[in-house]
Structure formats: structure tokens, C-alpha cells
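got a predicted structure plus its sequence, pasted below:
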Amino acid sequence: MSDRESPTKERRPWKQGRPPMAWAADIPTGRSRRPRGRPLLYTSYSQDMALLDTGAKKVWTGLLVLVAFGLSVVLADRSLEVLAGAYVLAIGAIGLNIVTGYAGQVSLGHAFFVAIGAYTGAALSGPPGGRTLGFGVAEIWIWLPAAGLMAAAAGVLVAPLATRLRGLYLAVVTLGLVFLGEHIFKEWDALTGGPGVGRSAAVPQLFGVRLDQDGPLGTREQLLYLLMLVLLIVFAVAARNLARSRIGRAFMAIRDRDIAAEVMGVPLTRYKVLAFGISSFYAGCAGALLYSISGYVEPGSFSLLLSVQFIAMVLIGGVATVSGAIAGALFISLLQPLTRSLPALVPFVSADTTVTPNVFQVETVLYGLLIILFLVFEPRGLFGVWIRVRNYWKSWPFSY
Amino acid sequence: MTDVVESVIRGLGNGSVYALLALGFVIIYKATRVISFAQPSLMLAGAVAVSYLAEVTGFYLAVLLAGLLIAGVALVIERVAIRPMVGRPFFVVAIITLGVDVVVRVVVNAFIGRDVRQMGDPWGFTQVSFGPFVVQTRWLAMLLVTAVLVGLLFAFFRYTRYGLAMRAAAFDQETALAQGVSVGMVFALSWGLAGFLAAIAGMFVGTGQGVEQLTWIIALKALPAIIVGGLDSLGGAVVGGLAIGVVESLFQSYQGQLAPWLGQNFAVVTPYVVMLVVLLIRPYGLWGTKEVERV
């Protein structure tokens, strides 16, 4: 085992006729086994860099994925539809987390990129020659990447503005983007069907099998749920990989101190453009998928509120963590069905929108309050809560 | 030609409302380095407060009371949600104000209900004519009141103890603290002032057409105004607000004939277009302080 040799054994490697930095070759980089009884001892870089770096994480992540797949059989169709929507929102939230959480560029314009993805997907898979633009390509593996790429292109176009601006200037400009986008999508009837009318959304069809209809493989909700779950896993693993790569480290360097990053050789413009591009790609994919569940897109849905919802997911879940973004998206999506069931439990809350207080008001107030409370009391979000709970039990019974 | 002048006057009227809101944004920004996204909800709350109080006390007293009431609300928000966050990243505080905005707006919307609430203002849609020009009285009232308020505000910053304290804290918080300025008081005062200005702006937005749940969107147009003028420039906020108002009004009048391909209601988004254009040329707005980074 080569990793037994410590790189510090040769005290002055450059004095011994070896080229400079040659000692770096001694640092073990390949796979290596941990000593027995020391499950948390890292003996090589690859262990430190692993996606699932401890045994506990491997076991629990595996179980979680199994349970998630198992739910498709156990749960009722209505719950599956809610969860499928939550998974798609999680993809969007991971995207926002890349640009805002990892790269530190505050974006209130996520709804705009979601809209571009939604309409690219809808237009590609829509029936040709109908009331709205359509090209009749219903295969998901064509329209999903196309939607992502179109949104990414928009993100790259916007990015030059973003690279000139910092902090809150950027937040306001991206906010303006949402309003401009809303105007364009409301006016472009041929694509969007116009406000209040809308159009049919992207059709999820995989190798000729319609996933939005009951089939021999399962009910409509089961198929959609499984599709979204698989895609979420793919996107989440990709984001984790990105975060631990050279690009991810460059993003974090820019977030923590952009001038220091630039001095260390991170080209700011290139990486900011990249962050916007990747984030928008995620947003576009999420947009195309989100409305394929309900089958219908209305241009009014891409308002500032959608952006704020994504911000809420990231902040409540945990900034700059992939698992946090997923937890936040699940939390926000499950908030709606929970508040809908409030009238049965709390007598003074009404389901009628003309009465005060009603469930919609409660839901909106909860968004706002949760954002405030999490930021004041637990800035690391649900992820931070989890870390605290974990650390408590890890050191139990000496946790103080 | 008369159309153009009338359109510009309408723009100046609306623009002075944006200027009031923009001043609120800038005052808070200068004191705390945060853009308060809670301004729209405070504006809406001010308009609704006027609409209720006017039935009891008459319009003019109602405006004053509503202004003070909303200033009080702003003080409470500052104390409860913003003060504990001193020293945290500005972005985090900005997002908190976004949360405050959502909460306050739901509460205010409950008071508005489904209908449009009237202000009970004396102007309505009445018009006066100056020779060939016919303009609505309310545009003139907006312009006049804003001019007086801006004058008072600048005098306050220039000649009073508290104004000096605010300028000192905006210039350098730590040094101001060391000289005996209560920075907490400055924060509170800035939020109170911004709340008062927002309430007056809300009242003007509600004149004529009344106030409804969607009225808050108007307040966001003050954001392009402050970006155009520069985030930390009071004069820039006034000029930016007026400029945004005039451009919007001109587009409202002529875009339908001259550039119909831009779509209906393009005027609504012109503030954001102006903002993007200005930022492409000057990333810190027209009068904003260029950030100098020392390593």
C-alpha cells in the first residue's frame, strides 16, 4: 500500500535531484482502503473528494433512493403528482443554488429562464399547425435538452450584464428581466396562447411511450413520478459533481471574494457566464418538465412570485448545498397541500377565498414568515438543522 | 405639440411618485446598504390607510395620519426583522425585506378585499387648462407636493442635527459610531422616513383610479429609477424617478402609433428597458458612487 508513505518523509525533496513538486506524486490519489476500525480516517484524496465520503452516507443515501422508488407503488396517485412536481421544482432550485448559492450571484430572474424552458419544450412537442406554435417532436430526450440549452443561451446572453454588476444592482436587474419576460410572453400569442388562455405544455413521451397517460407500465402519475425522480437524481448528482470540480471551486472562490479569486487566476467573466448558463440550463429543464405534469402553461405564471418561491426553496433548504435545495423544494411544495387541509383542523381558517383568513393568505404569509425566520434563526436552512441534529447524536451522550 | 406637453406633465406627475418611492429606497440604502424590497407593501399599506382614515377624519388629515402610521409600521419592521441582522451579508437582509413585503401585503390585501378602494381625494380626474394645454389637477398636485417634500428632506439632511448624523453614518458607520452618532437611531429614522414617503406615494398612486391588490407593482418601478440615478444618490433618485415617469408616459402616448410591434402595454415595462440601457453604459447609474475595491 503506497499510501503508508507520507509525503513529508523526504524533508527537502528539491535537494535530492528530483524535479520540483515531484513529491506531489507520492500523495495517494487512487482508491485505497481505510484501516479497520477507523471509518472516518481519510487516507487518500479520492476518499476526501468522494460524493458519498462516509459509510453512513452511502447506506442512508441508498436507502433514501430505494424508499423514493418504493413510494411510487405505495402512495396514492394524487400524492405522487404533488411529489413529482416537488422533484421538478427541486431541479430548478438546484439550478438557482448553482448561481446564487455556489457562485454568489443573486438572481431574482429565475422565473424568466424557467419560462423560456417551458415554452421551448411546449413549442417543440406541440402539434404542428395548431392554434399555437408546434413542431410535433414529443420525444422527451429531444425537447428536454433543447429547453435547457435555449434557457442556457438566454442565461449566457444576460450574463455580460451580470458580470458588470455586483450584489444588489444585479438583483434589481434580474428582477427587471422577470417583468420584461412576462411582457414578452403575454404579447407573443403565437407561442404562448396569450394571457388567460395559455397553451398545452410539453408532452412527455419516451421511445414512443406516452408518460402522461395510463399505460401497461403504470398509471399516469406513477410514470410521471418515476420520470421526475430519475431526472432529479441525474441532475442532483451532476450538480454535486460540478460543485466539487475545478469549476465549482472557482464559483465558490468568486462568491467568497471575487477580487481574491481573480488574483488567484480565476477568470471572473468566464466563470460568471458559466454559472448563469448552467443555472439557466437547470431552470429551463425544470420549466419544461414542470408544466408537462399539469399539461398546460399560462404566461401569467412566470411572475416575480415564482422567482421568490425558488429563492425561498434555496434559503429554507440550505444555501450552497444540493441536498438542501431538494429539501427546500419538497418543503415548499408540501406546504401547499398542508395549508389546503388546514380548514379541517383549524376552525377559523376558511377555504373560501372571499373570507379572511383563508388558506391562500395563510400559505402566502407562511412563505414570507418562513424566509424571515430561517434567515434570522438558522441561516443554513434545513440543511443546517440536519447538521445540528446529526452532530448532537454523533457525540451523544457527550453532546453539549 | 400640445399632446407632447400634456404627456410630459402626466409623466412628471407619475414620475414624482416614483421619485418619492425612490427616495425611500435610497435613504434606506444609504443608511443600511440594503435595498428594502418591503417598500411596495408599505406603499400599498399607506394607500389603504388613507382610504379608511379619509372616511373618518377628512382627506388631508388622513394623509398625515397615514404617513405617521406607516412610518410607525416601518419602525416596527426595522426593529423586529432588520436590526437583529446587522453585520450579516446585505443580500440576506434584502431577502428578509422580501419576506416582510410578502407578509405585510397579505395583511393589507385582506383590508382591500376584491374591490377597488377610493382615496376620497379632492382631485379625482378633474382637469385644468393653461391656454391650449389641458392637464389633470392630480398630476400638478403630485408634482407640487413632491417638490415641497424633496425640499424639506434635503433641508433636513443639510441643516439638522439628525440629518448630519444620517449623513455621517452613511459616509462611514464605524467612524460615526465613534463620534457618538447612534447608528441604530439612524437605521430607525431611515426606515421611518422611507415609510412616510411610501405612504404619501401610495396615496398619490390611489388618486383617481383608486387602490386595488395589484397596485403594489407600481412601487417596483422605483427600482429602475434608483438604479438609473445611482443607488446612493438622493438627487439621482429624484431625477431618475422623473425621467422614468416621463419616458413611460411618452411611450404610453406614442408607442402604439410609432412602434406597434412592441406589443400592447409596452409602456409598463419601459422603466426596466431604460434601466438596462443605462446600466450597459454606466454600471453604477448616472450619479452613483463607483465602488473602488482595495485589496
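Everything's here; your move.

point me to the residue of the stretch 101-250 of chain B nearest chain A.
Relative to chain A, the nearest point of the stretch 101-250 of chain B is residue B:102 (3.4 Å; C-beta to the nearest C-beta). Placement of C-beta: from N, CA and C, glycine included.

roughly how far apart are that residue and residue A:200?
31 Å (C-beta to C-beta, to the nearest Å).

which one's more surrounded, these two?
Between residue B:102 and residue A:200, residue B:102 has the larger neighbour count (other C-beta atoms under 10 Å in any protein chain shown), namely 23 against 19.

now that one: which helix or strand?
helix B:90-112 (DSSP states H and E).

ok, longest helix in the chain?
This is for chain A. Assignment by DSSP state H gives helix A:268-294 as the longest helix of chain A.

switch to chain B, please.
Every helix in chain B considered (DSSP H), the longest is helix B:2-32.

tell me the gap between the longest helix of chain A and the middle of its chain.
Relative to its chain's centre, helix A:268-294 lies at 9 Å (C-alpha atoms, centre = their mean, to the nearest Å).

again with stretch A:168-182
20 Å.

ditto for stretch B:216-228
Centre to centre, stretch against its chain (C-alpha atoms, centre = their mean), the figure for stretch B:216-228 is 7 Å.

if you count neighbours, what's buried in that stretch?
Counting neighbours by 16 or more other C-beta atoms under 10 Å in any protein chain shown, one finds that the buried residues in stretch B:216-228 are B:216, B:218, B:219, B:220, B:221, B:222, B:223, B:224, B:225, B:226, B:227, B:228.

is it in proximity to chain A?
Yes. Stretch B:216-228 reaches chain A (C-beta under 8 Å from any C-beta of the partner chain) through B:220, B:223, B:224, B:226, B:227.

thinking again about what came up before, do you know the pLDDT at the residue of the stretch 101-250 of chain B closest to chain A?
pLDDT, residue B:102: 88.

dump the residue contacts of the residue nearest to it when sequence neighbours are not counted.
Nearest residue to residue B:102 in three dimensions, chain neighbours excluded: residue A:368, at 3.4 Å (C-beta to C-beta, 6 or more residues apart in numbering or on different chains). Neighbour list for residue A:368: B:98, B:99, B:100, B:101, B:102, B:103, B:106 [criterion: C-beta atoms under 8 Å, 6 or more residues apart in numbering or on different chains].

residue A:368 sits in which helix or strand?
Going by DSSP H and E, residue A:368 is part of helix A:359-377.

and after the helix or strand where residue A:222 lies, which helix or strand comes next?
Assigned by DSSP H and E, residue A:222 falls within helix A:220-244. Remark: after helix A:220-244, the chain's next helix or strand is helix A:246-256, criterion DSSP H and E.

so is that following helix next to chain B?
No. Between helix A:246-256 and chain B, judged by C-beta under 8 Å from any C-beta, nothing touches; the nearest distance is 10.4 Å.

and the gap between the residue of the stretch 101-250 of chain B closest to chain A and residue A:364?
6 Å.

one more: residue A:110?
Per C-beta to C-beta, residue A:110 is found 19 Å from residue A:364.

of these two, give the one with the bigger neighbour count.
Just comparing residue A:110 and residue A:364: by other C-beta under 10 Å the higher neighbour count belongs to residue A:110, 32 against 17.

the more buried one: what's it in contact with?
Residue A:110 touches A:92, A:95, A:96, A:279, A:283, A:306, A:307, A:310, A:311, counting by C-beta under 8 Å, 6+ apart.

tell me the secondary structure at the last one.
Residue A:311 carries the three-state label helix when classified by DSSP: H, G, I helix; E, B strand; the rest coil.

with adjacent residues omitted, what lies nearest to it?
Excluding the flanking residues, the one nearest residue A:311 by C-beta to C-beta, 6+ apart is residue B:95, at 6.3 Å.

okay but the one you found is in contact with residue A:319, surely?
No. Between residue B:95 and residue A:319 there is no contact under C-beta atoms under 8 Å: 10.3 Å.

looking at the two, which has the bigger crowd around it?
Ranked by neighbour count (other C-beta under 10 Å), residue B:95 and residue A:319 place residue B:95 first, with 26 against 23.

what residues does the stretch 101-250 of chain A put near chain B?
Counting by C-beta under 8 Å from any C-beta, the residues of the stretch 101-250 of chain A near chain B are A:106, A:161, A:164-169, A:171-173, A:175-177, A:179-180, A:183-184, A:186-187.

all good on my end, thank you.
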